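Trainee: let me see the structure of the following:
(2 chains)
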Amino acid sequence: MTNPIDGTETPATGFRLVVVSGGTSDPSSTRLLADRIAERTARLAGERAEQVHVSTIDLRDLAAEISSALVSQLLGPKLTRAVATLREADGIIASAPVYKAAPSGLFSSFFHVLDNDLLIGKPVILAATAGTARHALVVDNEMRALFAYLRTLTAPTAVFAASEDWNSGELGARIGRAAFEMLVLLESGFSHKIENESWQRYQHEYGSAGGTELGIDLGTDLMRLATGGSARPTGSS
Amino acid sequence: MPTVLALSSSPSRSSRSAAVAEYAVTALRSGGVDANHLRLRELDPSPLLAADTTHPEIESAVRAVAEADGILLATPTYKAAYSGLLKVFLDLLSQFAFAGKAVLPIATGGSPAHVLSLDYGLRPVVHSLGAWHVLQSLFVLDSQLDEALRPGEQLRSTLEGVLGDFTHALQAPSRTATIARSA
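Mentor: Now for the predicted structure:
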């Protein structure tokens, strides 16, 4: 089913897994790493008679809109679609290249412009690529901190790949471990239970969840005035 | 003569980080620096844990820190961080115990994957103790030492450069002097 507003495809059944790749080249090792994790998750799901639908947000296509959003708070059409895709996501694979001992600015900026509560409770596999093993801790120190702030559920296994790791069986084993963690988290329905049964227990910013964040009654006199309507005439009830 | 106190912080008797610290102390001495090595594992654990700075051993260690122009911190890497023994000792120092000093952080570890633990973990602590000049930290892979814990050729050559910079920093610990030198 296609959403008429943002054009996103909503599968009728199965889990929606979204790859967010901060890779800038084409082909990109950062994208390749995320794809490998997504494929493995889908394959594991298949073995359990479950379905995983993978969609991809390639941040290099959004670079201009992300930088506009950083300074203007306005989301362009591609960024709006990306946000809608993430809102519908059951799980996320977030993959970043490491520059200057930190995830790339493009990757970080994308998550900086998202609403704080867009990703609450969603399972995330963190992945990063670098030219050297010396930057492995970037994933745990910087990326995990960012996703903790966004209140996501990061899988215990993160996947870091330095140049020399690509041909090692160890990377494949790690990908399998992370993929299985993601699948179990998807099956648990954790994020949906949070959203349906506990959403109001989280702190929300004004406007970040279309009004549901505040539990306010827009039908009161004061709110009708505040939202551009008029108070009820005196005497009516 | 500038003074350096090397603090090695492995709880283990046979320690790579202590071996690197000892090697550095010997090299600094031959370069005209009054360098000494304090192995934190040899301090009496009970006053150390209780932060009892009136205990003679602890008092003398704290005084040695105060009198040094430079501090060399040598730590093993445990759980992607510096050792707990080092933190226990740093915790009993006064808030700005490293003010005016140059500090050289050195860690040993088995995997290059933990290199950044020095910059994520130890460096902020050293800055909070008021150090003026924290040098580029050095991560030593276990494989760079032989079975007798002697530094191999590559490590010896790295240390020569690192200790040379450290000695420079001792003579010009203030930021402006450091910038002037590197310009």
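Trainee: going forward, measure contacts and count neighbours with C-alpha atoms only.
Mentor: Noted.
Trainee: check whether stretch A:167-176 contacts chain B.
Mentor: No. Stretch A:167-176 stays out of contact with chain B when judged by C-alpha under 8 Å from any C-alpha of the partner chain, the minimum separation being 13.9 Å.
Trainee: please point out which parts of that stretch sit buried.
Mentor: Along stretch A:167-176, these residues count as buried under the neighbour rule (16 or more other C-alpha atoms under 10 Å in any protein chain shown): A:171-172, A:174-176.
Trainee: pull out the buried positions in the helix or strand of chain A with the lowest mean pLDDT.
Mentor: Within chain A, judged by mean pLDDT, DSSP states H and E, the helix or strand with the poorest mean is helix A:221-226; its value is a mean of 75. Under the neighbour-count criterion of 16+ other C-alpha under 10 Å, helix A:221-226 has nothing buried.
Trainee: then that helix to PDB, C-alphas only?
Mentor: The C-alpha trace of helix A:221-226 is given here as PDB (Å, rounded to 0.1, in the frame of the first residue of the first chain):
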ATOM      1  CA  ASP A 221     -11.800  27.300  25.600                       C
ATOM      2  CA  LEU A 222      -8.200  28.300  26.200                       C
ATOM      3  CA  MET A 223      -6.800  25.900  23.600                       C
ATOM      4  CA  ARG A 224      -9.500  26.800  21.100                       C
ATOM      5  CA  LEU A 225      -8.400  30.400  21.500                       C
ATOM      6  CA  ALA A 226      -4.700  29.400  21.400                       C
END
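Trainee: rewinding a little: now tabulate the buried residues of stretch A:167-176 in JSON lines and tack on distance to residue B:6, secondary structure and pLDDT.
Mentor: Listed next are the buried residues of stretch A:167-176 as JSON lines, based on distance: C-alpha to C-alpha, whole Å; DSSP: H, G, I helix; E, B strand; the rest coil; pLDDT from 0 to 100:
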{"residue": "A:171", "distance to residue B:6": "39", "secondary structure": "helix", "pLDDT": "97"}
{"residue": "A:172", "distance to residue B:6": "42", "secondary structure": "helix", "pLDDT": "96"}
{"residue": "A:174", "distance to residue B:6": "39", "secondary structure": "helix", "pLDDT": "97"}
{"residue": "A:175", "distance to residue B:6": "42", "secondary structure": "helix", "pLDDT": "98"}
{"residue": "A:176", "distance to residue B:6": "44", "secondary structure": "helix", "pLDDT": "98"}
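Trainee: please identify which of these is nearest to residue B:121.
Mentor: Closest approach between the buried residues of stretch A:167-176 and residue B:121, by C-alpha to C-alpha: residue A:174, at 25.6 Å.
Trainee: list the contacts of that closest one.
Mentor: For residue A:174, the residues meeting the contact criterion (C-alpha atoms under 8 Å, 6 or more residues apart in numbering or on different chains) are A:157, A:159.
Trainee: from residue A:17, how far off is it?
Mentor: From residue A:174 across to residue A:17, the span is 19 Å (C-alpha to C-alpha, to the nearest Å).
Trainee: same question, residue B:154
Mentor: Counting by C-alpha to C-alpha, the gap from residue B:154 to residue A:17 is 47 Å.
Trainee: and the two? Which one has more around it.
Mentor: residue A:17 (27 against 10; other C-alpha atoms under 10 Å in any protein chain shown).
Trainee: and the pLDDT at that one?
Mentor: Here the pLDDT value assigned to residue A:17 is 98.
Trainee: that one contacts residue A:92, correct?
Mentor: Yes. The pair residue A:17 and residue A:92 passes the contact test of C-alpha atoms under 8 Å, sitting 5.7 Å apart.
Trainee: ok, back up a step: dump the buried residues of stretch A:167-176 to JSON lines, plus distance to residue A:87.
Mentor: Conversion of the buried residues of stretch A:167-176 to JSON lines gives the following (distance: C-alpha to C-alpha, whole Å):
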{"residue": "A:171", "distance to residue A:87": "30"}
{"residue": "A:172", "distance to residue A:87": "29"}
{"residue": "A:174", "distance to residue A:87": "27"}
{"residue": "A:175", "distance to residue A:87": "25"}
{"residue": "A:176", "distance to residue A:87": "26"}
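Trainee: please report how far residue B:119 lies from chain A.
Mentor: 10 Å (C-alpha to the nearest C-alpha, to the nearest Å).
Trainee: now do the contacts for that residue.
Mentor: With contacts defined as C-alpha under 8 Å, 6+ apart, the neighbours of residue B:119 are residue B:137.
Trainee: show the backbone phi and psi for residue A:154.
Mentor: In terms of degrees, to the nearest 10, the main-chain angles of residue A:154 are phi -80, psi 140.
Trainee: would you agree it is in contact with residue A:126?
Mentor: Yes. In this structure, residue A:154 is within contact of residue A:126 by C-alpha under 8 Å, at 7.1 Å.
Trainee: joint contacts of those two?
Mentor: Shared contacts of residue A:154 and residue A:126, defined by C-alpha under 8 Å, 6+ apart, comprise residue A:144.
Trainee: who in chain A is up against chain B?
Mentor: Listed as neighbours of chain B in chain A under the rule C-alpha under 8 Å from any C-alpha: A:133-138, A:141.
Trainee: go again with 10 Å.
Mentor: A:101, A:132-138, A:140-142, A:160, A:162 (C-alpha under 10 Å from any C-alpha of the partner chain).
Trainee: so among the residues you listed, which ones count as buried?
Mentor: Neighbour-count burial (16+ other C-alpha under 10 Å) is assigned, among these, to A:101, A:133-138, A:140, A:142, A:160, A:162.
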